[in-house]
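A.B. asks: Kindly return the folded structure for what I paste below:
(one chain, ligands or ions: 1)
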Amino acid sequence: MKEGEHARILLKKAIEITNALDAKALVIIGIPSQYRPKMKIPILIIGKESDKEASNFQHLPLPLSLGSKNLVNLASSFMIANGIIQEGELFVYVTPSTVGIQKAEKTVEVRDEFFSQIEHIFQEVLELAIELSLEGREGKPVGTIFVIGDTRNVIRHSHQMVPNPFKGYKINILDRNTREIIKEFAFLDGAFIINKSGRVLCAGRYLDIDFKKINVHVPSGLGGRHLAAAGISKLTKAIVITVSESGIVRVFKNGKIIFEYNPRLH
Ligand SMILES: Nc1ncnc2c1ncn2[C@@H]1O[C@H](COP(=O)(O)OP(=O)(O)OP(=O)(O)O)[C@@H](O)[C@H]1O
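C.D. replies: Prediction:
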């Protein structure tokens, strides 16, 4: 039996369960776009393919590498934040290998602003950050910072710690073949700077934040890397993704952590 056939069967079951329970929404995770049910209730599609067939479809382009459990929790928070479903109501979710029933709750460390940041480049960098957390480099954990967007201001508030390995090269986060090159440079101290089209402009960049002028707070235990990430996200319009040496991936916006996730625990 082909994988697509599994998805079709599971989706059929999910629709039956949704109807039987009078669930308020259906969440479809990582199932190809040819399998789209016709239903009146809101349907949330999670994954890369975006399709805007019906008005009751919403798309949340999150990396599937976040794992089903986490994606279901994020879907739950997203639907509550957007008034699609109320806390405590039931929704059904379906992945290529499971169908489940969940009560809508805010269970993950995520602020509502997180969802408005999710677009293509952000999603790719988040995926890369998760891979770095899980893989490290040569068996050792790596920590790093990705600063996305508002590059003119970010560059103005930073300097090279080492010669920029990306100078003169057109390396783009969207190009899967150059992903490994980007990861290779994660061992450099400092930050990656990525423009809104996904081009990696610099690595090994020190973020110059004057903490006398920029007031940010990060949870205790977090050091210079996370303070710098919070600072640059407050000083500029950039969105910042950090990977800590302990593997936790965090997203910063306007000086605050808007998402936190430990891929090593899932
Ligand atoms: N202002 C900055 N700009 C860019 N990189 C920085 C900055 N400050 C610190 N770093 C990077 O963060 C690394 C780790 O610093 P530190 O241990 O203080 O941070 P941390 O927040 O505790 O990070 P981790 O949780 O990964 O240990 C430094 O070696 C350096 O590469």
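
A.B. asks: Longest helix in this protein, please.
C.D. replies: For the chain, the helix with the greatest residue count under DSSP state H is helix 3-21.

A.B. asks: Show the average pLDDT along it.
C.D. replies: Helix 3-21 comes out with an average pLDDT of 90.

A.B. asks: what about the residue of the stretch 151-266 of the chain found nearest the ligand, how many neighbours?
C.D. replies: Closest approach between the stretch 151-266 of the chain and the ligand, counting by CB to the nearest ligand atom: residue 223, at 2.7 Å. In short, each C-beta sits where N, CA and C put it, glycine included. For residue 223, the neighbour count with other CB atoms under 10 Å is 11.

A.B. asks: just residue 142 next, same as before
C.D. replies: Residue 142 has 18 neighbours, counted by other CB under 10 Å.

A.B. asks: how close does it sit to the ligand?
C.D. replies: Computed as CB to the nearest ligand atom, to the nearest Å, the residue 142 to the ligand distance reads 9 Å.

A.B. asks: Give me the number of neighbouring residues for residue 37.
C.D. replies: 15.

A.B. asks: so it, which of the three states?
C.D. replies: coil (DSSP: H, G, I helix; E, B strand; the rest coil).

A.B. asks: what residues are up against the closest residue to it other than its chain neighbours?
C.D. replies: Closest residue to residue 37 apart from its sequence neighbours, by CB to CB, 6 or more residues apart in numbering: residue 15 at 5.4 Å. Contacts for residue 15 (CB atoms under 8 Å, 6 or more residues apart in numbering) come out as 26, 37, 39.

A.B. asks: repeat that for 10 Å
C.D. replies: For residue 15, the contacting residues are 26, 37, 38, 39, 92, 94, 99, by CB atoms under 10 Å, 6 or more residues apart in numbering.

A.B. asks: Next: residue 35.
C.D. replies: Residues in contact with residue 35 (CB under 10 Å, 6+ apart) are 4, 7, 8, 10, 11, 12, 28, 94, 96.

A.B. asks: could those residues go into CSV alongside neighbour count?
C.D. replies: CSV is the format used below for the contacts of residue 35 (neighbours: other CB atoms under 10 Å):
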residue, neighbour count
4, 13
7, 20
8, 14
10, 19
11, 19
12, 14
28, 25
94, 26
96, 17
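
A.B. asks: Narrow the contacts of residue 15 to those that are buried.
C.D. replies: 26, 92, 94, 99 (16 or more other CB atoms under 10 Å).

A.B. asks: hang on, the third one packs against residue 25?
C.D. replies: No: judged on CB atoms under 10 Å, residue 94 makes no contact with residue 25 at a distance of 11.7 Å.

A.B. asks: any shared contact partners between these two?
C.D. replies: Shared contacts of residue 94 and residue 25, defined by CB under 10 Å, 6+ apart, comprise residue 18.

A.B. asks: how many other residues sit next to residue 205?
C.D. replies: Residues near residue 205, counting by other CB under 10 Å, number 26.

A.B. asks: do the same with the one 4 residues further on
C.D. replies: Taking other CB under 10 Å as the criterion, the count of residues near residue 209 is 20.

A.B. asks: Residue 29 now?
C.D. replies: Using other CB under 10 Å, residue 29 has 22 other residues around it.

A.B. asks: Let me see the backbone angles for it.
C.D. replies: As for residue 29, its main-chain torsions (degrees, to the nearest 10) stand at phi -110, psi 120.

A.B. asks: can you tell me which residues contact it?
C.D. replies: Taking CB under 10 Å, 6+ apart as the test, what residue 29 contacts is 44-47, 60, 62, 64, 66, 68, 71-72, 75, 93-98.

A.B. asks: Up against the ligand, what does the stretch 51-200 of the chain have?
C.D. replies: Counting by CB under 6 Å from any ligand atom, the stretch 51-200 of the chain comes close to the ligand at 143, 145, 189, 190, 191.
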